[in-house]
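# Following is a predicted model, sequence given first.
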Amino acid sequence: MRIAHIIVFHQDSIAIERLLQALAHPQFDVYLHLDQKVDLAPFAYLSRYPNTYFVKNRKQVRWGGFSQIEAMLNSLHEILDSGRSYDFVNLLSGQDYPVVQADYIYDFFLQHRGRSFMTCETPPTPWWNEAMHRFINYHFIDYGFRGKHRLGMALSAILPGRRFPLPYQLYGGSDAAYWILSIEAANYICSSLKKINKYRTFFKHTWSPDEFLVSTLLMNSPLKGTVIQENYHYMDRSLGGSHPKVLTMQDFPNIVNSGKFFARKFDRSVDEDILNRIDEELLFPKNKIARSK
């Protein structure tokens, strides 16, 4: 069994190097998607790590834009076209970090071949009540001109609300952007996004489609029954807003007791001690203690 990890990032080569070391496993490959607007040269040395590959077809990513879907999709295509055989694809950001040992992750998925893992919900829920504006209104996140937000607000005020273009039950959520897909599900998502390319303009004017588009496609597919409603990512959204809080040393007990495999988000400039403690007590303890599965 082999797992492909996608890491989408735009900064901090030291953090990415640390993440590669934490993910090191003979059956793990890592695909690095560096934002196209960032010079590759300072990061190129990362390819010297075993089983590590840079995604060639890089995308300029803007937070909340359809470009996040495109970066993921370009990465998936290169994984599927690599000629290597994989069982799972796991999506990470550059501010994620594993909180269990790589062997533990491998053993878990060895026992769950053919399953996919994501967290999503259907409307009506509090999240969806707020999220409907993402596609009903007009958004110009991926455009570079000034006044794009005011233009989106103006068009949304004078034009009829847009309707989701696919005849599907909606699925999504605040944590739905991060998932672990079986290779069958990864293939399905790639082929589905290719088929709905005619709706590209619609989704390009949608805010943060990564939090509902993949889950909506998969949960309306023949593979729905293979999905487990758990993405094994720990995030703390207690501060509200669109971003999870930056994790610090005070969050360590919650991370340990979360039962998750990965946590986000971390920022070395805010608190690097939390990463050191995860390494020392969870990932690379001097006396390894097997964690119950």
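Sure thing, it's come through. Numbering: from 1, shown residues only.
# Could you tell me how far Leu23 is located from Asp81?
As judged by Cβ to Cβ, to the nearest Å, Leu23 and Asp81 stand 22 Å apart. All C-beta atoms are positioned from the backbone trio N, CA, C, and that covers glycine.
# Please enumerate the helices of the stretch 1-150 of the chain.
Using DSSP state H, counting those that start in this stretch, the helices of the stretch 1-150 of the chain run over residues 13-23, 67-80, 102-110, 126-131, 133-136, 148-158.
# Kindly reformat the ones you listed as a markdown table containing mean pLDDT.
Converted to a markdown table, these look like this (pLDDT from 0 to 100):
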| stretch | mean pLDDT |
| --- | --- |
| helix 13-23 | 97 |
| helix 67-80 | 96 |
| helix 102-110 | 97 |
| helix 126-131 | 93 |
| helix 133-136 | 94 |
| helix 148-158 | 94 |
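# which one of these is the most hemmed in?
helix 67-80 (a mean of 21; mean count of other Cβ atoms under 10 Å).
# Could you list the low-pLDDT ranges of the stretch 151-293 of the chain?
By pLDDT under 70, the low-scoring segments of the stretch 151-293 of the chain are 287-293.
# Tell me where it has strands.
For the stretch 151-293 of the chain, the strands defined by DSSP state E, counting those that start in this stretch occupy 180-182, 227-229, 233-234, 262-263.
# Quick one: residues in contact with the last one.
Counting by Cβ atoms under 8 Å, 6 or more residues apart in numbering, strand 262-263 makes contact with Leu92, Asp96, Tyr97, Pro98, Val99, Tyr178, Tyr232, His233, Tyr234, Met235, Leu247, Ile255, all of which sit outside it.
# 6 Å instead, please
Asp96, Tyr97, Pro98, Val99, His233, Tyr234, Ile255 (Cβ atoms under 6 Å, 6 or more residues apart in numbering).
# wait, which of the residues you listed is closest to Lys148?
Relative to Lys148, the closest of the contacts of strand 262-263 is Asp96; by Cβ to Cβ it sits at 29.1 Å.
# Next, the contact list for the closest one, please.
Contacts of Asp96 (Cβ under 6 Å, 6+ apart): Phe262, Arg264.
# if I look at it, how far off is Met249?
From Asp96 across to Met249, the span is 18 Å (Cβ to Cβ).
# likewise Phe212?
33 Å.
# I'd guessed Asp142 sits against Ser67; true?
Yes: Asp142 lies in contact with Ser67 (Cβ atoms under 6 Å); the separation is 5.0 Å.
# what sits up against stretch 66-80?
4, 6, 8, 31, 33, 55, 57, 59, 61, 142, 186, 190, 193, 203-204, 209-210.
# Using PyMOL, define a selection of the buried residues within those.
Buried residues among the contacts of stretch 66-80 (16 or more other Cβ atoms under 10 Å), as a PyMOL selection:
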select buried, resi 4+6+8+31+33+55+59+61+142+186+190+193+203+204+209+210
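# Next up, the contacts around Lys194.
Applying Cβ under 6 Å, 6+ apart, no residues contact Lys194.
# Repeat that for the one 10 residues further on.
Residues near Lys204 by Cβ under 6 Å, 6+ apart: Phe66.
# what number of residues lie near Arg277?
Residues near Arg277, counting by other Cβ atoms under 10 Å, number 15.
# Identify the residue spatially nearest to it, adjacent ones excluded.
Phe252 (5.9 Å; Cβ to Cβ, 6 or more residues apart in numbering).
# go on, Leu282?
Once flanking residues are discounted, Leu282 sits nearest to Val99: 5.7 Å by Cβ to Cβ, 6+ apart.
# Could you tell me the per-residue confidence at that neighbour?
Turning to Val99, the model gives it a pLDDT of 98.
# right, and it touches Val256 too?
No: Val99 lies out of contact with Val256 (Cβ under 6 Å); the separation is 7.6 Å.
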